[in-house]
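S.K.: Just need the structure, nothing else, for what follows:
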Amino acid sequence: MNGDQKTGYLRRESGILLHPTSLPGPHGIGDMGAAARGFVDFLELSGQGLWQILPLGPLGSGDSPYASPSAMAGNPLLISLHALVEEGLLSPQKLAAAPIVPAKQVDYAATAAFKMPLLREACRCFLEGATSAQRSEFAAFRDASRFWLDDYALFAALKEAHGGRSWLEWEPEIAFRRPAAMDRWYQQSAAEITFHQFAQFQFSRQWASLKQYANRHGVRIVGDIPIFVALDSSDVWATPELFHLDERGNPTVVSGVPPDYFSKTGQRWGNPLYRWDVMAREGYNWWVERFRVALAQLDMVRLDHFRGFQAYWEVPAPNRTAEQGRWVPGPGMALFRALEEALGAMPVIAEDLGVITPDVDALRIRLGYPGMKVLHFAFGSDERNPHLPHNYPRHCVVYTGTHDNDTTVGWYQSRPVRERDALLSYLGTKGDEINWDLMRLAIASVAAVAIVPLQDVLGLGSEARMNQPGQPTGNWGWRFVAGSLLPEQAGRLRQMAQSYGRYEPSKSPQETASTA
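M.R.: Numbering: from 1, shown residues only. Here you go, the predicted model:
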């Protein structure tokens with residue numbers, strides 16, 4: 001099947017990158033409630049057909065969505081407490097005790113300390129008063145999610161019982177899932193297991209409702225599947241045979257990338273690496289289920305670190321940096337054949353940044369997946385730079401910057417004079433509104449899809465950066481303030497989208513959603 005046949009999901013449109021944690025709201029973190037629907041309304045008003053987000057899983061080390069304790073669970077902190085009040089699972093008075101938290105930054109510890117007890121109270125209320133229909137819905141969710149949910153719920157309960165310590169520090173009987181210990185913990189943690197199942201049930205229901213709202217308003221959700229998983233995760237604990245671990249559960253080799261634009265010593269991500277031979281013998285079933293969950297939540301998937309599926313950078317676990325490593329062949333086409341046989345053609349964007357070799361390009365082209373271009377990478381060399389718009393193929397997705405980049409305003413202010421001059425010469429502007437200049441350049445390009453971070457729409461500087469690669473703390477916390485989204489911004493975006501063929505004003509939102 002060629003690329004044109006497989007990528008009907010890709011049409012000429014544009015969108016905005018914003019993780020739900022960055023939404024405004026009264027409880028310390030963005031959630032799936034009114035502000036999320038308000039953002040969908042802004043996208044519709046702006047003529048934007050795509051909302052791109054980061055991974056939706058529970059947060060891991062450094063509050064990173066890319067270090068989640070589960071590859072398939074949702075982040076319970078995104079659950080809207082107001083929605084639980086509307087369902088009668090919480091009293092409105094409970095929300096009055098919300099702590100005073102920064103409006104522009106997520107305080108994850110304070111947010112969890114407030115929200116998690118209320119989620120437990122909502123769980124108790126549900127279990128005591130649920131109707132038979134509600135109980136049936138909960139049971140159906142647990143049954144449909146059994147592949148990952150049972151292990152995750154027990155893992156989360158065990159983490160709490162062990163003070164949050166890594167599973168590698170638990171007593172060996174449960175760390176290595178001895179049958180007697182598993183039975184004992186299942187029994188003594190039954191209430192906690194049910195709570196975590198309930199939290200996932202509520203996350204699933206609220207996310208499905210939000211996605212339906214977006215689709216009805218002509219907006220499709222673009223999500224993110226990280227290639228690797230965290231060592232301290234239910235995935236590794238439950239299926240250690242799928243990873244390169246020693247007899248104590250420690251990884252023997254870990255993930256990373258060699259020196260690149262972001263780091264002179266490379267990036268030692270530290271994730272355990274997959275035993276692709278074992279996964280192949282099992283028909284890549286773990287990956288099939290992972291994609292099955294993602295495709296139920298999303299309209300399109302950005303597959304992170306696509307080049308790792310062709311070949312990945314293997315770093316010996318004792319190494320402190322990623323400079324010393326080697327390229328190891330990945331599963332290649334065999335994995336994607338298994339996925340398509342199980343799930344059909346998949347709506348995937350390949351994150352193909354970094355060191356890309358001809359065989360990686362060949363795999364992406366054979367699969368028909370569009371690659372990525374980033375304008376922040378375009379002006380540091382010469383006119384042959386593949387990130388310059390005059391070099392784009394139509395079959396790609398262009399970003400001003402990604403979640404790993406500085407904001408456009410912050411990036412521009414930090415550029416050397418030579419690079420600034422090259423950028424302004426290319427743009428033909430004075431750079432007085434450099435964020436709008438770069439957004440126009442992306443939206444006007446031949447790239448099938450153009451995505452801009454909301455920080456660029458708002459004209460924010462480096463204080464609004466989402467992530468600094470290689471910096472273990474202080475990331476992922478940025479939020480925008482309620483009232484920041486203005487009709488003037490929506491009008492400018494809509495005018496650009498319409499001028500450059502990315503918006504059809506004659507097409508109703510319902511018609512657009514029906515083609516998603």
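S.K.: from the chain's centre, how far out does the host helix or strand of residue 147 sit?
M.R.: Residue 147 is part of helix 146-161 when elements are defined by DSSP states H and E. What separates the centre of helix 146-161 from the centre of its chain is 21 Å, taken as C-alpha atoms, centre = their mean, to the nearest Å.
S.K.: Could you do stretch 72-84 as well?
M.R.: 15 Å.
S.K.: elements contacting the helix holding residue 147?
M.R.: In terms of contacts (3 or more C-beta pairs under 8 Å, 6 or more residues apart in numbering; DSSP states H and E), helix 146-161 is packed against helix 179-188, helix 190-216, helix 234-238, helix 285-297. No exception for glycine: its C-beta is placed from N, CA and C like everyone else's.
S.K.: which stretch among the ones you listed comes nearest residue 409?
M.R.: Judged by C-beta to C-beta, the one of those that comes nearest to residue 409 is helix 190-216, at 27.8 Å.
S.K.: how about that closest one: buried residues?
M.R.: For helix 190-216, burial by neighbour count (16 or more other C-beta atoms under 10 Å) applies to 192-207, 209-211, 213-215.
S.K.: repeat for stretch 410-424
M.R.: In terms of neighbour count (16+ other C-beta under 10 Å), stretch 410-424 has its buried residues at 410, 411, 412, 415, 419, 420, 422, 423, 424.
S.K.: Next: stretch 98-113.
M.R.: By 16+ other C-beta under 10 Å, the buried positions in stretch 98-113 come out as 98, 101, 106, 107, 108, 110, 111, 112.
S.K.: Save those as TSV, and put in secondary structure and distance to residue 166 too.
M.R.: Below are the buried residues of stretch 98-113 laid out as TSV (DSSP: H, G, I helix; E, B strand; the rest coil; distance: C-beta to C-beta, whole Å):
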residue	secondary structure	distance to residue 166
98	coil	31
101	coil	28
106	coil	23
107	coil	24
108	helix	18
110	helix	24
111	helix	23
112	helix	18
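S.K.: from those residues, which is closest to residue 148?
M.R.: The nearest member of these to residue 148, counting by C-beta to C-beta, is residue 112 at 21.8 Å.
S.K.: ok, now which ones touch the closest one?
M.R.: Contacts of residue 112 were listed using C-beta atoms under 8 Å, 6 or more residues apart in numbering, and they are residue 77.
S.K.: switch to 10 Å and redo it
M.R.: By C-beta atoms under 10 Å, 6 or more residues apart in numbering, the residues touching residue 112 are 28, 29, 59, 76, 77, 119.
S.K.: pretty sure the fifth one is in contact with residue 25, am I right?
M.R.: It stands for residue 77. No. Contact criterion C-beta atoms under 10 Å: residue 77 and residue 25 do not qualify, at 11.1 Å.
S.K.: Quick check: bridge partners of residue 224?
M.R.: Beta-bridge pairing for residue 224 (DSSP bridges): residue 302.
S.K.: Would you mind confirming that residue 350 makes contact with residue 363?
M.R.: Yes. In this structure residue 350 lies within contact range of residue 363 using C-beta under 10 Å: 8.7 Å.
S.K.: out of those two, which sits in the more crowded spot?
M.R.: Neighbour tally, residue 350 and residue 363, criterion other C-beta atoms under 10 Å: the higher count belongs to residue 350, 27 against 21.
S.K.: Any figure for the gap between that one and residue 356?
M.R.: In this view, residue 350 and residue 356 are 10 Å apart by C-beta to C-beta, to the nearest Å.
S.K.: shared neighbours of these two, which are they?
M.R.: Shared contacts of residue 350 and residue 356 (C-beta under 10 Å, 6+ apart): 306, 307, 364, 371.
S.K.: Out of the residues you listed, which sit inside helices?
M.R.: Applying DSSP state H to the shared contacts of residue 350 and residue 356, the entries found in helices are 307, 364.
S.K.: Dump the shared contacts of residue 350 and residue 356 to a markdown table, plus neighbour count and distance to residue 19.
M.R.: Converted to a markdown table, these look like this (neighbours: other C-beta atoms under 10 Å; distance: C-beta to C-beta, whole Å):
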| residue | neighbour count | distance to residue 19 |
| --- | --- | --- |
| 306 | 25 | 20 |
| 307 | 25 | 23 |
| 364 | 23 | 25 |
| 371 | 22 | 22 |
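S.K.: tell me the two of the shared contacts of residue 350 and residue 356 that are most distant?
M.R.: 307 and 371 (10.1 Å).
S.K.: shared neighbours, the two?
M.R.: If you check residue 307 and residue 371 against C-beta under 10 Å, 6+ apart, the residues they both contact are 350, 351, 352, 353, 356, 360, 361, 364.
S.K.: Would you list the phi and psi of residue 257?
M.R.: The phi/psi pair for residue 257 (degrees, to the nearest 10) reads phi -140, psi 150.
S.K.: now do residue 313
M.R.: phi -90, psi 110.
S.K.: Return the per-residue confidence for it.
M.R.: Note for residue 313: predicted pLDDT of 96.
S.K.: what's the answer for residue 8, then?
M.R.: Note on residue 8: pLDDT of 81.
S.K.: And for residue 101?
M.R.: 84.
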